[in-house]
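Q: I would like to see how this sequence folds:
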Amino acid sequence: MTEGFDFSALSGAGRVLCAVSGGADSVYLLHRCLEGAEAGGYAVCAAHYNHSLRGEESDRDESFVADMCAALGVECVTGRGDVAAFAAERRLGTEEAARQLRYEFLSSAADSLGADLIATAHNAGDNAETLLLNLTRGSGLRGLGGIPPRRGRIVRPMLAVTRAEVEEYLSARGIAYMEDSTNALDDYSRNRIRHSVMPVLRGINPRFDLAAGRAAALMRADEEFLESLARSFVEKNSDSLGLSAAALASAPRSVSSRAVRLLAPRALSEAHVDAVLALSEGTGTAFADVPGARFVRENGRIRALTEMPGGITAREIPMSGEIELPEAGLVLRSSDSVYRGEINSSLNTFFFPYSKICGTIYCMSGQPGDALRIARRGCTKKLSDLFAEAHIPALSRPLVPVLRDGEGVLAVYGLASAERAVPKPGERTLKIEFAKIN
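A: Residues are numbered from 1 along each chain as shown. Here you go, the predicted model:
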């Protein structure tokens with residue numbers, strides 16, 4: 001019985017790359033793809049990745065796949081890597097390290113062979129095991145949805161094919177395949193589920209593998225619907241400053257948790273999602289660090305920052321010249337000038353009497369504790385208060401240019417100038433003006 005193979009998954013492809021390990025499932029995959037090639041209008045090629053984990057047995061499998069493909073007239077590329085070394089270097093488990101290296105190789109192989117799709121040999125049993133494994137980890141609908149039939153150009157046409165059907169097909173045709181000795185071990189969680197849990201469940205329902213696949217498909221459909229609601233929620237409640245914290249706090253958990261995951265650059269644990277949702281319930285400025293990003297709450301908005309902004313490197317200002325401040329997107333121009341009573345309400349041009357300048361003037365980011373007595377306002381304010389009054393987000397404040405000399409702050413771009421350096425008409429001054437870099 002082979003009706004479970006999904007040939008429609010391969011439709012529209014000009015060339016299909018089969019990932020072939022040499023085991024029964026992948027050998028079945030290759031032969032079934034070849035059977036449907038003429039009717040499907042696609043060509044078949046293959047790729048094998050040697051994980052170098054089983055010594056001579058790994059090399060045996062590589063040779064078997066290369067010889068089988070040559071006999072079938074199928075173009076095949078092989079690759080290998082040191083999974084153990086990669087796992088140690090990246091601090092990954094062996095299975096995860098092998099998966100990463102294997103999929104990187106398959107993607108590269110598909111590019112080199114001009115394949116539109118990459119077909120892998122995950123069967124109904126693999127899908128059921130994945131569902132159970134994710135259940136033991138407390139996964140939500142996404143994890144309980146098992147193995148997706150398609151992700152990008154990777155397709156899995158065997159998710160409704162059982163291992164018994166694979167073996168029956170190969171046996172009936174006398175097709176050889178290799179056995180992986182590690183499949184008999186209980187070193188991995190998946191193997192323990194395969195050897196100890198799956199037989200019990202098949203004893204309750206002989207067609208458990210397929211039943212689990214149907215359940216996974218239903219959960220994938222529910223997950224897709226809930227994620228679409230979350231996407232609509234994010235679009236409706238976001239602006240240039242981020243996502244409304246109040247809206248996130250009041251949304252149903254099934255929507256808000258998915259909204260957070262959509263904003264994050266990497267997968268998040270439930271604890272990380274909870275930390276971000278807790279931000280939405282507070283006020284003021286706060287943040288939560290998660291893998292790959294910092295979620296920040298400011299001015300009633302929440303946003304995910306994948307790069308922390310740096311500050312403005314301190315630069316000495318010449319008596320005449322031009323300095324670019326690419327960090328702030330500005331250029332600073334300085335020149336000798338006679339003050340004639342100009343008033344610059346935008347506070348992007350300043351005139352400092354030479355008699356009031358203490359030492360050298362620098363342009364830089366504000367420093368903790370910085371304050372100035374503001375010209376024409378008769379009050380002293382900390383820079384942090386000025387930024388807050390102007391509703392400048394905390395993470396943007398290091399990019400606001402601050403002019404200072406030996407006595408402290410002279411001016412803050414766009415916000416204030418110091419009372420101690422107010423010029424009088426006719427005085428010779430150092431004119432400093434800022435302009436946006438085009």
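
Q: check contacts around Ala43.
A: Gly14, Arg15, Val16, Ala37 (C-beta atoms under 8 Å, 6 or more residues apart in numbering). (Glycine included, C-beta is placed from N, CA and C.)

Q: for the last one, what are its contacts?
A: Contacts here follow C-beta under 8 Å, 6+ apart; on that basis Ala37 touches Val16, Ala43, Val44.

Q: next, format those residues as TSV and append pLDDT, distance to Val83 and secondary structure.
A: Output for the contacts of Ala37, formatted as TSV (pLDDT from 0 to 100; distance: C-beta to C-beta, whole Å; DSSP: H, G, I helix; E, B strand; the rest coil):
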residue	pLDDT	distance to Val83	secondary structure
Val16	97	26	strand
Ala43	97	30	strand
Val44	97	27	strand
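
Q: buried residues in stretch 417-431, which are they?
A: Ser417, Ala418, Arg420, Ala421, Pro423, Glu427, Thr429, Leu430, Lys431 (16 or more other C-beta atoms under 10 Å).

Q: and the nearest residue to Asn348 once chain neighbours are set aside, what are its phi and psi?
A: Among residues not flanking Asn348 along the chain, Phe434 sits closest, at 4.6 Å (C-beta to C-beta, 6 or more residues apart in numbering). Main-chain torsions, Phe434, degrees, to the nearest 10: phi -110, psi 140.

Q: would you check that Phe434 makes contact with Val331?
A: Yes: counting by C-beta atoms under 8 Å, Val331 is a contact partner of Phe434 at 7.2 Å.

Q: looking at these two, which one has more neighbours?
A: Each of Phe434 and Val331 has its neighbours counted (other C-beta atoms under 10 Å); Phe434 has more, 20 against 16.

Q: in the protein, which residue is most central in space?
A: Pro265 (3.0 Å; C-alpha atoms, centre = their mean).

Q: pLDDT below threshold where in this protein?
A: 1-2, 308-309, 438 (pLDDT under 70).

Q: try 50 this time
A: 1-2 (pLDDT under 50).

Q: all the helices of it, residue numbers only.
A: With DSSP state H as the criterion, the chain has helices at 24-40, 56-72, 83-90, 94-113, 124-136, 141-144, 163-173, 189-192, 198-204, 208-236, 245-250, 253-263, 270-280, 383-389.

Q: in CSV, list the ones you listed along with distance to Arg301.
A: Shown next, in CSV, are those (distance: least, C-beta to C-beta, whole Å):
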stretch, distance to Arg301
helix 24-40, 49
helix 56-72, 52
helix 83-90, 35
helix 94-113, 35
helix 124-136, 33
helix 141-144, 27
helix 163-173, 51
helix 189-192, 41
helix 198-204, 48
helix 208-236, 12
helix 245-250, 6
helix 253-263, 12
helix 270-280, 10
helix 383-389, 15
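
Q: and the contacts of stretch 234-252?
A: Contacts of stretch 234-252 (C-beta under 8 Å, 6+ apart): 233, 256, 259-260, 262-263, 277, 279-282, 296-303, 393.

Q: among the residues you listed, which ones are buried?
A: Buried among the contacts of stretch 234-252 by 16+ other C-beta under 10 Å: 233, 256, 259-260, 263, 277, 279-280, 296-298, 301-303, 393.

Q: name whatever forms a beta bridge with the closest residue to Val74 other than its chain neighbours.
A: Ranked by C-beta to C-beta, 6+ apart and with sequence neighbours excluded, the top spatial neighbour of Val74 is Ala46, at 5.2 Å. Going by DSSP bridges, Ala46 is paired in beta bridges with Cys18, Cys76.

Q: just the strands from the stretch 251-400 of the chain, written as ranges.
A: 286-290, 293-298, 301-305, 315-316, 321-325, 330-338, 349-353, 362-364, 371-374, 379-382 (DSSP state E, counting those that start in this stretch).

Q: now for the third one, which elements pack on it?
A: Put plainly, it is strand 301-305. With contacts defined as 3 or more C-beta pairs under 8 Å, 6 or more residues apart in numbering; DSSP states H and E, strand 301-305 has these neighbours: strand 242-244, helix 245-250, helix 253-263, helix 270-280, strand 293-298.
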